[in-house]
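Undergrad: pasted the sequence and its predicted model underneath.
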Amino acid sequence: MAKTTKAVKSAHAALDAAADAAKDAKRLSKTLPKKDAKKLRDLAAEAKDVSDAKKKKVERSPRKVEKKAVAAIDRLEKAAGKIEARLAAEADAAKKAAEKAAKAARKAAEKKAEAKSAEKDAKKAQKAETEQLALPAPVDAALPAPEPVAIPVAKPVVKRVAQPAATPGLSTLTVVELRAQARARGLSGYTRLTKAQLVDLLSV
């Protein structure tokens, strides 16, 4: 029995790795979007075909078979890495967009609540003003009070000088006569004076 060379062993290892990579890629494709899944399944099928190389071919060209298997594995890993990176970026962008939308929604809700509160306060103020206007006006405010009519009352200025002797004849007159004389002289405030005060007034 011919001894298995090191190159053949390496080729078989590469084929096994390609078969495992194809299985992993097929499993991953089930979790991906349709377009990405199809691309990964196609690459997995290629890797599976490579891994199914015939024994004679491996023994005849082990280096070539190994190279082909490694290339198939590399294509699968690169494609899977790109897809996962893109999906992660999209997920991150979607998360940020969702956070931004949620923040905008909160602000809009707060603004709406503030506007509603302001509208409610305005309605309350308008209602209070309407109720105030509907109240009957007070009677005092409706009818202006009559202005007081000032009646001047002149107080007689009686000069108290050393009491001179009464003018002869004045003391003999009656109060009515004394008032008539005061009126004739153009004096004022004599109507409420006593006889003695009238005599004093006319004696000045």
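TA: Yep, that arrived.
Undergrad: could you say which helix or strand holds residue 31?
TA: Secondary structure assignment for residue 31, by DSSP states H and E: no helix or strand.
Undergrad: where does this structure dip in pLDDT?
TA: By pLDDT under 70, the low-scoring segments of the chain are 1-3, 136-168.
Undergrad: give me the three-state assignment for residue 188.
TA: Three-state call for residue 188 (DSSP: H, G, I helix; E, B strand; the rest coil): coil.
Undergrad: go on, the one 4 residues further on?
TA: In the three-state summary, residue 192 is assigned as coil, counting by three-state DSSP.
Undergrad: that one - how many residues pack around it?
TA: When counting by other Cβ atoms under 10 Å, one arrives at 9 neighbours for residue 192. Using the backbone N, CA and C atoms, a C-beta is placed for each residue, glycine as well.
Undergrad: next one: residue 48
TA: Neighbour tally, residue 48, other Cβ under 10 Å: 17.
Undergrad: how about it, nearest residue that isn't a chain neighbour?
TA: In space, and not counting its chain neighbours, residue 48 is closest to residue 22: 4.1 Å by Cβ to Cβ, 6 or more residues apart in numbering.
Undergrad: residue 77 too?
TA: In space, residue 77 is closest to residue 21, 7.1 Å off (Cβ to Cβ, 6+ apart).
Undergrad: for the one you found, what are its contacts?
TA: Counting by Cβ atoms under 8 Å, 6 or more residues apart in numbering, residue 21 makes contact with 44, 47, 72-73, 76-77.
Undergrad: go again using 10 Å as the cut-off
TA: By Cβ atoms under 10 Å, 6 or more residues apart in numbering, residue 21 lies in contact with 43-44, 47-48, 50-51, 69, 72-77, 80.
Undergrad: how close does it sit to residue 74?
TA: 9 Å (Cβ to Cβ, to the nearest Å).
Undergrad: domains in the chain, by residue range?
TA: 6-120, 155-204 (automatic domain parsing).
Undergrad: can the ones you listed go into JSON lines with extra columns for distance to residue 127?
TA: As requested, these are arranged in JSON lines below (distance: least, Cβ to Cβ, whole Å):
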{"stretch": "domain 6-120", "distance to residue 127": "11"}
{"stretch": "domain 155-204", "distance to residue 127": "60"}
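Undergrad: of those, which is nearest residue 130?
TA: Evaluated over those, closeness to residue 130 peaks at domain 6-120, with 15.7 Å, by Cβ to Cβ.
Undergrad: now name the helix or strand holding the residue nearest in space to the middle of the chain.
TA: Residue closest to the average C-alpha location in the chain (Cα atoms, centre = their mean): residue 111, at 4.7 Å. For residue 111, the host element (DSSP H and E) is helix 62-134.
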